[in-house]
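Chemist: Here is the input, now give the coordinates:
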Amino acid sequence: MAAIVVNVIVAKNRLSGTNEYYSYQSGRDCCSAAAAPYNHHRNLLPFHGGKNLLAWRSGISSMHLPKYQTAFVKRPPIYYCNAASSTTAVPYLDKVDFMKLQNGSDIRGVAVPGVEGEPVTLTEPVTEAIAAAFSAWLSEKKKVDASKPLKVSVGHDSRISAQVLQDAVTRGVASAGLDVVQYGLASTPAMFNSTLTEDEAFLCPVDGAIMITASHLPFNRNGFKFFTNAGGLGKADIKNILERAVDIYNSFTDEGLMKSKGKASESLKRVDYMTVYTSDLVKAVRKAAGNIEKPLEGFHIVVDAGNGAGGFFAEKVLQPLGAITSGSQFLEPDGMFPNHIPNPEDKAAMKAIAQAVLENKADLGIIFDTDVDRSAAVDSTAREFNRNRLIALMSAIVLEEHPGTTIVTDSVTSDGLTTFIENKLGGKHHRFKRGYKNVIDEAVRLNSVGEESHLAIETSGHGALKENHWLDDGAYLMVKVLNKLASARASGIAGGSKVLTDLVEGLQEPRVAVELRLKIDQNHPDLKGGSFREYGEAVLKLLENHVESDPKLQKAPVNYEGVRVSGFGGWFLLRLSLHDPVLPLNIEASSHEDAVKLGLAVASAVKKFPALDTSALDKFLQTS
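Modeler: Model (predicted):
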């Protein structure tokens with residue numbers, strides 16, 4: 001069999017001053033370069049930085065791009081080898097289950113080898129097929145005029161597989177006859193915005209956009225998010241695209257693959273779109289402060305980008321607004337994420353930004369996830385604004401602007417948040433399903449039936465506003481926070497981030513809050529050949545019946561996901577994961593003793609399901 005061989009030239013070792021060379025194989029026999037009928041010269045592994053030198057990191061050279069964005073050095077080629085006719089299907093391509101790449105409204109897979117038990121599923125040919133399928137889907141949706149080719153923008157976060165996949169996406173889009181505009185390092189929200197911006201100098205608006213990202217997942221993962229001017233694609237759209245990709249992949253020929261490479265070079269353009277996106281964020285803050293040029297002058301704000309794509313925020317947004325940004329950290333893109341996971345839900349990440357605020361005596365700290373569609377903040381005392389507190393803060397800001405509006409959240413938000421939104425802020429809390437797209441779509445639906453909603457936000461940090469086209473944009477969410485600081489100062493109110501802290505005063509927070517994952521063993525005989533989803537639903541049904549027979553427990557009167565129950569001064573929610581064979585259990589209570597009582601109620605019901613691994617719950621109960 002033929003092989004795909006990649007030679008990686010790694011960044012110059014800062015300690016030894018030498019270059020190190022690495023290679024990996026796809027698991028098939030290696031072939032020589034001379035035998036290869038199809039030779040891709042790939043730029044591989046785009047970013048370096050951080051403190052550790054690892055095999056999957058590369059050097060950088062500058063291009064005509066913004067300071068925070070970098071280009072890539074030329075590297076040895078990838079060779080696709082086979083002895084078949086150039087007009088026949090390519091025999092070296094692995095069989096791929098494309099449908100397993102769907103992750104709700106995203107596509108995700110393994111893009112880099114090296115992790116045991118995780119074979120590469122997001123190869124270049126797979127990526128090319130998916131991009132071509134999106135292009136075909138887009139052409140149908142837009143009813144393309146043959147005289148004017150559609151344009152697709154392509155961007156990526158800091159992952160080490162970004163450049164390889166960007167090139168493969170470019171070939172796939174070009175092979176379908178569409179024009180490609182590469183943005184390089186970008187944020188997910190910026191990619192959506194490129195479908196709305198009207199600026200011919202930046203080739204906008206584009207007809208569709210592809211963001212290459214896997215959010216906060218480990219370094220070896222990657223994936224795609226897709227946008228049109230109507231917003232992000234939904235689950236049905238992703239399924240449709242993957243089904244198309246199967247046919248495209250199976251029809252690949254050497255000749256066709258060679259042609260796609262040529263078409264890519266002909267139709268490709270590069271644009272510094274992040275300049276446009278960041279300029280709009282700056283304008284939004286200035287407008288909120290009464291068109292003051294530097295409304296944040298004197299404020300000390302530190303940013304933690306977690307070595308993702310959000311490093312631009314300090315230099316391109318905060319500094320033009322007058323803020324001091326010294327002490328900002330991990331702004332340099334590094335897809336190995338050497339400092340902490342870029343995730344506002346991660347305890348280590350939040351500890352890092354809190355420590356940076358205290359050490360620099362800053363007024364505010366801002367942290368982003370890898371592709372900047374999520375964010376969180378900390379005040380000058382290092383109090384965290386994430387999860388329920390972030391929702392409370394954003395609800396307070398939005399309800400000042402839109403009194404009485406409905407706030408849509410996911411299913412795991414606390415009872416104390418409901419009381420805060422409804423009793424203190426005078427709004428309405430609509431708790432819906434887990435999943436940022438579910439929450440956003442529900443807010444859109446409510447507005448369509450006459451119930452005003454201006455904010456849809458998940459505990460994970462995904463937050464979308466009606467005024468921002470229902471896009472979950474972590475940078476825009478922080479702009480709303482900055483607007484509050486700037487407008488307060490313009491009104492003569494001092495106190496720095498205390499303005500924000502005061503907004504969440506009165507939020508009742510549980511003393512105990514845990515999430516336990518109960519895994520379903522899909523190989524257990526108890527499943528009897530059924531799906532994990534059917535088994536999980538059976539668990540939930542039995543728990544529901546158990547609760548109804550217990551006078552100390554009360555099922556939530558309105559609930560859209562799983563089984564939510566109040567009792568013993570707290571609540572629990574057992575639900576089925578959106579994608580995995582797991583039943584997450586959330587428990588919140590005013591004391592550890594009450595949390596245990598709620599846990600015991602769940603344990604007594606689910607013990608009848610031997611395929612359910614309750615070890616996490618058992619451990620919680622035993623250590624109590």
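Chemist: Just give the number of residues close to R533.
Modeler: Neighbours of R533 under the rule other CB atoms under 10 Å: 12. For the C-beta atoms, the positions are set from N, CA and C on the backbone; glycine is no exception.
Chemist: Surely it and L576 touch.
Modeler: Yes - using CB atoms under 8 Å, R533 is in contact with L576, at 6.7 Å.
Chemist: My read is that N447 contacts K466, right?
Modeler: Yes - with contact defined as CB under 8 Å, N447 and K466 form a contacting pair (7.0 Å).
Chemist: what is in contact with those two at once?
Modeler: Common contacts of N447 and K466, defined by CB atoms under 8 Å, 6 or more residues apart in numbering, comprise S453.
Chemist: what about the strands in the stretch 351-500 of the chain?
Modeler: With DSSP state E, counting those that start in this stretch, the ranges of strands along the stretch 351-500 of the chain come out as 364-368, 375-379, 384-385, 406-409, 428-431, 453-457, 463-465.
Chemist: Now tabulate those in a markdown table and tack on mean neighbour count and distance to P551.
Modeler: Converted to a markdown table, those look like this (neighbours: other CB atoms under 10 Å; distance: least, CB to CB, whole Å):
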| stretch | mean neighbour count | distance to P551 |
| --- | --- | --- |
| strand 364-368 | 31 | 44 |
| strand 375-379 | 27 | 40 |
| strand 384-385 | 24 | 37 |
| strand 406-409 | 25 | 29 |
| strand 428-431 | 20 | 24 |
| strand 453-457 | 25 | 35 |
| strand 463-465 | 28 | 39 |
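Chemist: Nearest residue to the middle of the chain?
Modeler: S215 (3.5 Å; CA atoms, centre = their mean).
Chemist: Output the strands of the stretch 351-500 of the chain as CSV; include the columns mean pLDDT and distance to G416.
Modeler: Shown next, in CSV, are the strands of the stretch 351-500 of the chain (pLDDT from 0 to 100; distance: least, CB to CB, whole Å):
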stretch, mean pLDDT, distance to G416
strand 364-368, 98, 23
strand 375-379, 98, 18
strand 384-385, 97, 15
strand 406-409, 98, 13
strand 428-431, 98, 11
strand 453-457, 98, 16
strand 463-465, 97, 19
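Chemist: Please spell out which residues along stretch 415-434 are buried.
Modeler: 415-418, 420-421, 424-425, 427-434 (16 or more other CB atoms under 10 Å).
Chemist: Apologies, that question was intended for stretch 283-300.
Modeler: Here stretch 283-300 shows 284-286, 288-289, 292, 294-296, 299-300 as buried, counting by 16+ other CB under 10 Å.
Chemist: Repeat that for stretch 211-229.
Modeler: Of all the residues in stretch 211-229, those buried under the rule 16+ other CB under 10 Å are 211-217, 219-229.
Chemist: For it, what is the spacing between the initial and final residues?
Modeler: In stretch 211-229, first residue to last residue: 14 Å (CA to CA, to the nearest Å).
Chemist: contacting residues for A133?
Modeler: Shown in contact with A133 (CB under 8 Å, 6+ apart): 172, 241-245, 248.
Chemist: can you list those residues in TSV and add pLDDT, neighbour count and distance to R383?
Modeler: Formatted as TSV, these follow (pLDDT from 0 to 100; neighbours: other CB atoms under 10 Å; distance: CB to CB, whole Å):
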residue	pLDDT	neighbour count	distance to R383
G172	97	31	46
I241	98	25	43
L242	98	20	43
E243	98	13	48
R244	98	20	48
A245	98	27	46
I248	96	22	51
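Chemist: Keep only those of these that are in helices.
Modeler: Applying DSSP state H to the contacts of A133, the entries found in helices are 172, 241-245, 248.
Chemist: out of these, who's nearest G109?
Modeler: L242 (11.1 Å; CB to CB).
Chemist: Surely V96 and N250 touch.
Modeler: No - counting by CB under 8 Å, V96 does not reach N250; the two are 9.6 Å apart.
Chemist: These two: who's more crowded?
Modeler: When V96 and N250 are compared for neighbours, V96 comes out ahead with 19 against 13, by other CB under 10 Å.
Chemist: Go ahead and produce CSV holding the CA coordinates of the lengthiest helix in the chain.
Modeler: Taking DSSP H as the criterion, the chain has its longest helix at helix 124-142. This file holds the C-alpha atoms of helix 124-142, laid out as CSV (Å, rounded to 0.1, in the frame of the first residue of the first chain):
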residue,chain,number,x,y,z
GLU,A,124,-6.2,16.3,3.8
PRO,A,125,-8.3,14.4,1.3
VAL,A,126,-11.2,14.1,3.8
THR,A,127,-10.9,17.9,4.4
GLU,A,128,-10.9,18.6,0.7
ALA,A,129,-14.0,16.5,0.2
ILE,A,130,-15.8,18.3,3.1
ALA,A,131,-14.9,21.7,1.7
ALA,A,132,-16.1,20.8,-1.8
ALA,A,133,-19.3,19.5,-0.3
PHE,A,134,-19.9,22.7,1.6
SER,A,135,-19.3,24.6,-1.7
ALA,A,136,-21.9,22.5,-3.5
TRP,A,137,-24.4,23.0,-0.6
LEU,A,138,-23.7,26.8,-0.7
SER,A,139,-24.1,27.0,-4.4
GLU,A,140,-27.5,25.4,-4.2
LYS,A,141,-28.6,27.7,-1.3
LYS,A,142,-27.3,30.8,-3.1
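Chemist: packing partners for the helix or strand following that helix?
Modeler: Going down the chain from helix 124-142, the next helix or strand is strand 151-156, by DSSP states H and E. If contacts are counted by 3 or more CB pairs under 8 Å, 6 or more residues apart in numbering; DSSP states H and E, strand 151-156 sits against helix 124-142, helix 162-175, strand 179-185, helix 188-193, strand 208-212.
Chemist: by contact count, what packs against the last one?
Modeler: Okay, so that is strand 208-212. Under the contact definition 3+ CB pairs under 8 Å, 6+ apart, strand 208-212 sits against helix 124-142, strand 151-156, helix 162-175, helix 188-193, strand 221-228.
Chemist: same question, the fourth one
Modeler: Contact here means 3+ CB pairs under 8 Å, 6+ apart; on that basis helix 188-193 packs against strand 151-156, strand 208-212, strand 221-228, helix 274-288, helix 474-490.
Chemist: nearest to K528, of those?
Modeler: Comparing the helices and strands packed on helix 188-193 by CB to CB, strand 221-228 comes nearest, at 32.7 Å.
Chemist: Check which element follows that closest one along the chain.
Modeler: Note on strand 221-228: by DSSP H and E, the next helix or strand toward the C-terminus is strand 231-232.
Chemist: what mean pLDDT would you report for that following strand?
Modeler: Across strand 231-232, the average pLDDT comes to 94.
Chemist: partner strands of that strand, parallel or antiparallel?
Modeler: Strand 231-232 sits in its sheet next to strand 221-228 (antiparallel), going by DSSP bridges.
Chemist: just the angle between the strand it pairs with and strand 208-212, please?
Modeler: Between strand 221-228 and strand 208-212, the angle comes out at 160 degrees (axes from the mean of the first three to the mean of the last three CA atoms, to 10 degrees).
Chemist: Can you dump the C-alpha atoms of strand 221-228 in CSV for me?
Modeler: Extracted C-alpha coordinates of strand 221-228, given in CSV (Å, rounded to 0.1, in the frame of the first residue of the first chain):
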residue,chain,number,x,y,z
ARG,A,221,-7.9,17.7,17.2
ASN,A,222,-9.3,20.0,14.7
GLY,A,223,-12.6,20.7,12.9
PHE,A,224,-14.8,23.1,11.0
LYS,A,225,-17.6,25.6,11.6
PHE,A,226,-19.5,27.0,8.6
PHE,A,227,-21.4,30.3,8.2
THR,A,228,-23.6,32.2,5.7
